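**Student:** Kindly return the folded structure for what I paste below:
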Amino acid sequence: MNESKNFETLELCSTSKDKTMDERMKNDIQENKYLAVFCYFYLFSLIPACINPKSNYIRFHLNQGLSLMLVNLMLFFIYIIITFIQLVFATIFGFFKVLGLFAILRLSTIFWLLQFILIIFGILGIFYAFSGKMKKLPIVGRIKLIKI
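**Tutor:** Down below sits the predicted model:
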């Protein structure tokens, strides 16, 4: 009998902790969901972290937004480097000018397609932040830059 009372007491304590944790998380989301939207705008992404640095909700969306920005910058620099290399080879080897032009056009099409996908991911992140969800973005969301 005494063991069952201890078990019930332990169970009640753990559920009350979970309830207070859930209430704190819900309050955090309600207070910061409009601010977390700014985490997906590159120039303004650090403003929410400066305003409320202890919010787990803001840190989660800041991590998602910074990951998206990092992938975007990496993609941009790869595009610039490959385009420069192709232009150098096209000018050195004159007979590759036509092939180089087609390769640059094909590369820029792929680049803009990937940019469009990243924009869709950003819009999805804004939707998640605005609706109070802590869902990871596809592909980019696996990157962890900030401890949450």
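
**Student:** In terms of secondary structure, what does the lengthiest helix in the chain contact?
**Tutor:** Of all segments of type helix in the chain, defined using DSSP state H, the longest is helix 56-92. On a contact count with 3 or more Cβ pairs under 8 Å, 6 or more residues apart in numbering; DSSP states H and E, helix 56-92 meets helix 2-36, helix 47-51, helix 97-131. Every C-beta, even on glycine, is put in place using the N, C-alpha and C of the backbone.

**Student:** which residues sit in contact with the residue positioned nearest the centre of the chain?
**Tutor:** Centrality entry for the chain: nearest residue to the mean C-alpha point is Gln64, 2.1 Å, by Cα atoms, centre = their mean. Gln64 makes contacts with 39-40, 125, 136-137, 140-141, as judged by Cβ atoms under 8 Å, 6 or more residues apart in numbering.

**Student:** out of those, who's nearest Ile110?
**Tutor:** Of all the contacts of Gln64, the one with the least separation from Ile110 (Cβ to Cβ) is Val140, at 17.5 Å.
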